[in-house]
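1. Make a model of this:
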Amino acid sequence: MDEFVKMDIFFFIASIELVILGAMFGFVLWKLLRILKHVEHIAEVAGMEADNLRGDAAYLRGRLLGVLDAIFSFMPRRRERKEKTDA
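-> Numbering: from 1, shown residues only. Reported below is the predicted structural model:
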């Protein structure tokens with residue numbers, strides 16, 4: 001076979017391979033970008049839910065402190081000991 005024919009066949013096969021690999025790389029990149037968009041959305045939703053949870057916890061803490069204050073207001077307070085001073 002002629003050397004130029006062999007080179008033409010090689011370059012033809014290499015070109016087809018390059019096109020196929022480029023298409024596969026483009027597809028993988030497209031899928032990766034879609035996954036990253038979903039991850040970004042999930043992180044955004046998780047952040048909003050964390051803010052809501054923080055607000056709910058602050059509300060609950062306030063309500064519990066109010067209830068505890070009401071309960072402890074009915075209990076008699078202990079008198080503090082007076083320290084004897086030697087002078």
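2. Give the rounded mean pLDDT of the strand or helix carrying Leu29.
-> Assigned by DSSP states H and E, Leu29 belongs to helix 3-74. Taken as a whole, helix 3-74 carries a mean pLDDT of 95.
3. Figure out how far it is from the centre of its chain.
-> Distance of helix 3-74 from its chain centroid, counting by C-alpha atoms, centre = their mean, to the nearest Å, is 8 Å.
4. What of stretch 2-9?
-> In terms of C-alpha atoms, centre = their mean, the gap separating the centre of stretch 2-9 from the centre of its chain is 56 Å.
5. Dump that stretch to PDB, restricted to CA.
-> Extracted C-alpha coordinates of stretch 2-9, given in PDB (Å, rounded to 0.1, in the frame of the first residue of the first chain):
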ATOM      1  CA  ASP A   2       1.200   3.500  -0.700                       C
ATOM      2  CA  GLU A   3       2.500   5.500   2.200                       C
ATOM      3  CA  PHE A   4       0.100   8.400   1.500                       C
ATOM      4  CA  VAL A   5      -2.900   6.100   1.400                       C
ATOM      5  CA  LYS A   6      -1.900   4.800   4.900                       C
ATOM      6  CA  MET A   7      -1.600   8.300   6.200                       C
ATOM      7  CA  ASP A   8      -4.900   9.300   4.800                       C
ATOM      8  CA  ILE A   9      -6.600   6.300   6.400                       C
END
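6. List the contacts of the spatially most central residue of the chain.
-> With distances taken as C-alpha atoms, centre = their mean, the chain has Ala43 as the residue nearest its mean C-alpha position (4.1 Å). When contacts are counted by C-beta atoms under 8 Å, 6 or more residues apart in numbering, Ala43 touches no other residue. All C-beta atoms are positioned from the backbone trio N, CA, C, and that covers glycine.
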